[in-house]
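**Student:** Structure, please.
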Amino acid sequence: MALTESNMFPLGATAPSFTLPDVVSNQEVSLEALKSDVATVIMFICNHCPYVKHVQKQLVQLANDYLPKGVAFIAISSNDAVQYPEDGPDNMKKVAEEFQYPFPYLYDESQKVAKDYQAACTPDFYIFDGKLSCVYRGQLDDSRPGNGLPVTGSYIRAALDSILNNEPIQVQQKPSIGCNIKWK
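**Tutor:** Modelled structure (predicted):
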């Protein structure tokens, strides 16, 4: 595991379009079909990373809290499943079902989507407004495995609350930190 920070996708940039398989439904889904007119949270995660495991329950809670408010959530795994079989589609489906993901869990086998989003680590978070313009990218909160801070999702929550209240996002945008994406 190489500790890696987000690349910090440019604010104001448009979300790159994609169509990927959802490992739970076995359906091809597109960003256009999944996005929200309010806000869309895109999360690059995987199964084996201790940083993702550390925040996994909060990701579910966060989505359950904000889905009723019209926010869409999309999880994507772009890791090389040949070298990291735990991150392959069958295991992704098991994790999604075990944690009852209320959002689609997409597999980016070609890694093109991760490259388009300049994703560097897991977890890596992006929030796009209703027009798919990037308004936040970076960390979930200040909690990391072993630092003793609670996992609250405070940065993402603050950004989403600002969007829902039609206010500018005031939360400081710090890079996420986690395992590097396992490139082919």
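**Student:** quick one: least confident helix or strand in this structure?
**Tutor:** strand 3-5 (a mean of 84; mean pLDDT, DSSP states H and E).
**Student:** buried residues in the following helix or strand past it?
**Tutor:** The helix or strand immediately downstream of strand 3-5 is strand 19-21, counting by DSSP states H and E. For strand 19-21, a neighbour-count test (16 or more other Cβ atoms under 10 Å) marks 20, 21 as buried. Bear in mind the C-beta positions are built from the backbone N, C-alpha and C, glycine included.
**Student:** quick one: what helix or strand has residue 40 in it?
**Tutor:** Counting by DSSP H and E, the element that carries residue 40 is strand 39-44.
**Student:** Enumerate every residue touching the residue most central in space within the chain.
**Tutor:** Centrality entry for the chain: nearest residue to the mean C-alpha point is residue 43, 0.6 Å, by Cα atoms, centre = their mean. Contacts for residue 43 were tallied using Cβ atoms under 8 Å, 6 or more residues apart in numbering; they are 59, 73, 74, 75, 76, 123, 124, 125, 126.
**Student:** Show me these that map onto strands.
**Tutor:** 73, 74, 75, 76, 124, 125, 126 (DSSP state E).
**Student:** what would these look like in TSV with distance to residue 63, pLDDT and neighbour count?
**Tutor:** Output for those, formatted as TSV (distance: Cβ to Cβ, whole Å; pLDDT from 0 to 100; neighbours: other Cβ atoms under 10 Å):
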residue	distance to residue 63	pLDDT	neighbour count
73	4	98	23
74	10	98	25
75	9	98	24
76	14	98	22
124	16	96	32
125	12	97	24
126	14	97	23
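**Student:** So residue 47 is in contact with residue 87, correct?
**Tutor:** Yes: contact criterion Cβ atoms under 8 Å: residue 47 and residue 87 qualify, at 5.1 Å.
**Student:** Overlap of the contact sets of these two?
**Tutor:** Joint contacts of residue 47 and residue 87 (Cβ under 8 Å, 6+ apart) are residue 77.
**Student:** Would you double-check that residue 86 falls in a helix?
**Tutor:** Yes: according to DSSP: H, G, I helix; E, B strand; the rest coil, residue 86 belongs to a helix.
**Student:** what helix or strand does the closest residue to it other than its chain neighbours sit in?
**Tutor:** Residue nearest to residue 86 in three dimensions, not counting chain neighbours: residue 48, with 4.4 Å by Cβ to Cβ, 6 or more residues apart in numbering. Take DSSP H and E as the rule and residue 48 turns out to sit in neither a helix nor a strand.
**Student:** which ones are touching residue 48?
**Tutor:** 79, 84, 86, 87, 179.
**Student:** State the distance from the second one to residue 179.
**Tutor:** Remark: distance between residue 84 and residue 179 (Cβ to Cβ, to the nearest Å) = 10 Å.
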